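Visitor: sequence isn't available, so here's the structure alone:
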């Protein structure tokens, strides 16, 4: 007797796939974990591999999810990069790069912090203002994402 397939929540993260981020018709199979410990998936439609953190700010980070959440909480509290460096023990360049990635994925992070972690929306707005203030060298796309998010408050 064959064991039933488990329910797989992620959708295909390949932008060229016909089932990119679509629930209908997805054919995703779970295939172990990578070296960092993240779950690996395989899309049978486009024949590509991806991990659970693809297209999120957690992708290619040596920081754990809890450490990133802790840094976000410090940013929400109005702390500067050097203060966060002394509190967490992470280098200021690491924190700066994380701020860039947070800005690039602003809608995802905004929903994650407000709905997932239950931080008040006005406090999250202060985080975006801090990121905009401390990271003057944000890319154009990151600046657009922050402007879109700040308009929603």
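Guide: Here it is on my side, so go on. Computed from a prediction, not measured in an experiment: that's the story for all the values here.
Visitor: how about the strands in this protein?
Guide: With strands called from DSSP state E, the chain shows them at 28-33, 39-43, 48-51.
Visitor: tell me the strands beside the last one, with direction?
Guide: With DSSP bridges as the test, strand 48-51 is paired with strand 39-43 (antiparallel).
Visitor: residue 11 reaches residue 27, doesn't it?
Guide: No: counting by C-beta atoms under 8 Å, residue 11 does not reach residue 27; the two are 10.7 Å apart. For every residue, glycine as well, the C-beta is placed using N, CA and C.
Visitor: now the common contact residues for these two.
Guide: residue 19 (C-beta atoms under 8 Å, 6 or more residues apart in numbering).
Visitor: isn't residue 46 up against residue 11?
Guide: No: contact between residue 46 and residue 11 fails when scored by C-beta under 8 Å: they sit 11.7 Å apart.
Visitor: tell me, what's touching those two both at once?
Guide: residue 19.
Visitor: got the domain ranges for this structure?
Guide: Here the domain parsing of the chain from automatic domain parsing is 1-54, 65-152.
Visitor: off-centre distance for the last one?
Guide: Using C-alpha atoms, centre = their mean, to the nearest Å, the mean C-alpha position of domain 65-152 is found 11 Å from that of the whole chain.
Visitor: pretty sure residue 31 contacts residue 49?
Guide: Yes: counting by C-beta under 8 Å, residue 31 does reach residue 49; the two are 7.5 Å apart.
Visitor: now the common contact residues for those two.
Guide: In contact with both residue 31 and residue 49: 40-42, using C-beta under 8 Å, 6+ apart.
Visitor: got a winner among the residues you listed for most neighbours?
Guide: residue 41 (21 neighbours; other C-beta atoms under 10 Å).
Visitor: surely that one meets residue 48?
Guide: No: with contacts counted by C-beta under 8 Å, residue 41 stays clear of residue 48, the gap being 9.3 Å.
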